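1. give me the fold of what follows.
(4 chains)
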2 protein chains.
Amino acid sequence: MQAIDGAVERATLPGLRERKKRRTRNTLTRCALELFARQGYDGTTVDEIAEAADVSQRTFFRYFANKEEVALALQEVEEEVAFAALAARPPHEPPLTALCNAAVASGRTVGEAIEAVVPLGLHLSTQRMIESTPQLLAARLRRLAVLEERFAAEIARREGLDPAADPRPRVLVAACSGVLRAASRVWGEDEDGDLDGLLRLITTYLEQIGPALAEGWRAAPAH
Amino acid sequence: MQAIDGAVERATLPGLRERKKRRTRNTLTRCALELFARQGYDGTTVDEIAEAADVSQRTFFRYFANKEEVALALQEVEEEVAFAALAARPPHEPPLTALCNAAVASGRTVGEAIEAVVPLGLHLSTQRMIESTPQLLAARLRRLAVLEERFAAEIARREGLDPAADPRPRVLVAACSGVLRAASRVWGEDEDGDLDGLLRLITTYLEQIGPALAEGWRAAPAH
DNA sequence: GAGATTATGGCAGTGACTGCCAGTTGCCCA
DNA sequence: TGGGCAACTGGCAGTCACTGCCATAATCTC
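-> As a prediction, the model looks like this:
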């Protein structure tokens, strides 16, 4: 019996309990993001989310430590995809090259992981909401800081360095992440949904790191 | 009478009301930081802070929008000092140079501005608390993001650039601020109070930005 | 010194979040 | 296949951050 079921479903390794939990979590996420989009983050109570997902408030807090966390649930997915993309770069690539390629690669694959939970349009409006809600922006920046450390550690590992002694991995990651954030914020302001546009913007921004450190900007304009 | 008082006190331009407000605010800050240091951030309620400062809880929230804000009150002072230091750099200095010099200069002057409110030792322990309390770290990172934008705008102004069109100011500031944060975190972990040590660490870290972007780390070690 | 401003205190109310206990459900093994 | 075990859930009471409202008291202005 189990063998047959396992053949039909993809990776039914986790039991019923596990699947149910994942389903509840996704339902909570979807309900929360829809409510946030419709009536704002502060205008939505946890009770409403729980009711929409047909669970008790107490259960909501067993899935998410706080209200912020459900708003950032998909950002966590993005982070994992991005880190996996870096880990997958061949070891011979220099650090900066590996980071750039990982950024482009994860930008192309992250879509379907998101779509498994909510439509992409809803995710985009959530990102705008995060950027404009102080509490959420703060929580997001902290997550990114943690992610940066993971990236720096991975870079150090690739290059065989001691991450505590050599500041270059952190320095490089800090510079790149700052650039990525600047690019994605500029992109998120006006355009809507043009993924290739974002990737192009990121690439041109990354190319500006070198010139930005040089002296005499006025003599040698950006482009 | 007022003329005599004014001669004794430095800049008594603001009236009694204004001075009283500043004093209440400083008292609240000092009481809060002392309580935080003694019993932790989460272990301290707003009521306790208000009682220690001898005001009502309602009044506390008229001085600080939330509990985080009082914990970060001195960080705000630091931010203003740092920005003023950049604004004071002569216009002929190239951007990166101006940023480095501003960092060093503000590091040397920020001490007394802090001492006017709480002893430096208390401020140091507060910084460690911020770094280790997720909620506070998040709020701090958001403040820094706002500050970065101000820095980028100022750099763009100095160089006569359109900050919306040219990404270099943001890129440069993002890189430097990432480096500063990494340096001050490393410094805050072990040492205690050696300000010159911090300034030296920051300088060496800033010098690593160039090498970090280069290829072939393994061939050309950090130092 | 009277009247306009502004700061303060107290209070009731909302909403996020937690600990606790009881009831239910999926899991595993004899 | 049934029964014991562990994990999941609901409900409730309680704490704490934070807000709106109104009355009172302190400054300021003329």
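
2. for DNA strand C, what are the nearby residues on chain A?
-> A:15-18, A:20, A:44-47, A:57-58, A:61, A:65-68 (CB under 7 Å from any atom of the strand). C-beta coordinates here come from the backbone N, C-alpha and C atoms, glycine included.

3. one more time with 10 Å
-> Within chain A, the positions adjacent to DNA strand C are A:2, A:14-21, A:41-50, A:56-62, A:64-70, A:135, A:139 by CB under 10 Å from any atom of the strand.

4. quick check: domain ranges of chain A?
-> With automatic domain parsing as the criterion, the domains of chain A are listed as A:2-67, A:72-213.

5. which residue is the nearest non-sequential neighbour of the most centrally placed residue in chain A?
-> What sits nearest the mean C-alpha location of chain A, by CA atoms, centre = their mean, is A:Glu78, with 3.0 Å. Spatial nearest neighbour of A:Glu78, excluding adjacent residues (CB to CB, 6 or more residues apart in numbering or on different chains): A:Val110 at 5.5 Å.

6. quick check: which element contains the one you found?
-> Per DSSP states H and E, A:Val110 falls inside helix A:95-115.

7. any residue of the helix or strand following that helix touching DNA strand D?
-> Later in the chain than helix A:95-115, the nearest helix or strand by DSSP H and E is helix A:120-132. No - using CB under 10 Å from any atom of the strand, helix A:120-132 stays clear of DNA strand D, coming no nearer than 16.9 Å.

8. gap between A:Ala153 and B:Ala71?
-> Look at A:Ala153 and B:Ala71: by CB to CB, to the nearest Å, they are 29 Å apart.

9. the two: who's more crowded?
-> B:Ala71 (24 against 14; other CB atoms under 10 Å in any protein chain shown).

10. for the more buried one, which non-adjacent residue is spatially closest?
-> That would be B:Leu136: by CB to CB, 6+ apart, it lies 5.6 Å from B:Ala71.

11. and chain A, which residues reach DNA strand D?
-> A:17-18, A:20-21, A:23-25, A:28, A:42, A:50-51, A:53-63, A:135.

12. enumerate every residue touching A:Arg157.
-> Counting by CB atoms under 8 Å, 6 or more residues apart in numbering or on different chains, A:Arg157 touches A:Pro163.

13. report the buried residues of the helix or strand hosting it.
-> Assigned by DSSP H and E, A:Arg157 falls within helix A:134-159. Residues A:135-145, A:147-148, A:151-152, A:154-156, A:158-159 are the ones in helix A:134-159 that count as buried (16 or more other CB atoms under 10 Å in any protein chain shown).

14. tell me what the next helix or strand after that helix is packed against?
-> Scanning forward in sequence from helix A:134-159 by DSSP H and E, the next helix or strand is helix A:168-190. For helix A:168-190, the elements it packs on are helix A:95-115, helix A:120-132, helix A:134-159, helix A:195-207, helix A:209-213, helix B:168-190, helix B:209-213, judged by 3 or more CB pairs under 8 Å, 6 or more residues apart in numbering or on different chains; DSSP states H and E.

15. next, the angle helix A:120-132 makes with helix A:168-190.
-> With axes from the mean of the first three to the mean of the last three CA atoms, to 10 degrees defining the directions, helix A:168-190 sits at 110 degrees from helix A:120-132.

16. helix A:168-190: how far from the chain's middle?
-> Relative to its chain's centre, helix A:168-190 lies at 13 Å (CA atoms, centre = their mean, to the nearest Å).

17. what's the answer for stretch A:128-142, then?
-> Relative to its chain's centre, stretch A:128-142 lies at 13 Å (CA atoms, centre = their mean).

18. about what we covered before: from DNA strand D, how far out is the residue nearest to B:Ala71?
-> 12 Å (CB to the nearest atom of the strand, to the nearest Å).

19. ditto for A:Gln39
-> Going from A:Gln39 to DNA strand D by CB to the nearest atom of the strand gives 17 Å.

20. what about A:Glu68, neighbour count?
-> 21.

21. any regions of chain A where pLDDT drops low?
-> Applying pLDDT under 70 to chain A flags residues A:1-13, A:191-193, A:219-223.

22. do you know how far the residue of chain A found nearest DNA strand D is from A:Lys21?
-> Nearest residue of chain A to DNA strand D: A:Thr59, at 3.0 Å (CB to the nearest atom of the strand). Distance of A:Thr59 to A:Lys21, given as CB to CB: 11 Å.

23. and for A:Ala183?
-> Taking CB to CB, one finds A:Ala183 at 36 Å from A:Lys21.

24. quick check: which of the domains of chain A is buried the most?
-> domain A:72-213 (a mean of 18; mean count of other CB atoms under 10 Å in any protein chain shown).

25. what is the end-to-end distance of that domain?
-> Length of domain A:72-213, first residue to last, CA to CA, to the nearest Å: 33 Å.

26. just stretch A:152-169 next, same as before
-> OK, stretch A:152-169 end separation, CA to CA: 5 Å.

27. just to revisit the earlier point, show residues contacting the host helix or strand of the residue of chain A closest to DNA strand D.
-> Applying DSSP H and E as the criterion places A:Thr59 in helix A:57-63. Outside of helix A:57-63, the residues within contact range by CB under 8 Å, 6+ apart are A:Thr24, A:Arg25, A:Leu28, A:Val46, A:Asp47, A:Ile49, A:Ala50, A:Ala53, A:Val70.

28. CA atoms of that helix as CSV?
-> Taking Å, rounded to 0.1, in the frame of the first residue of the first chain, the C-alpha atoms of helix A:57-63 are listed here in CSV:
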residue,chain,number,x,y,z
GLN,A,57,-5.0,31.8,17.4
ARG,A,58,-3.0,29.6,19.7
THR,A,59,-2.1,27.3,16.8
PHE,A,60,-1.0,30.3,14.7
PHE,A,61,1.6,31.0,17.3
ARG,A,62,2.8,27.4,17.1
TYR,A,63,3.6,27.9,13.4
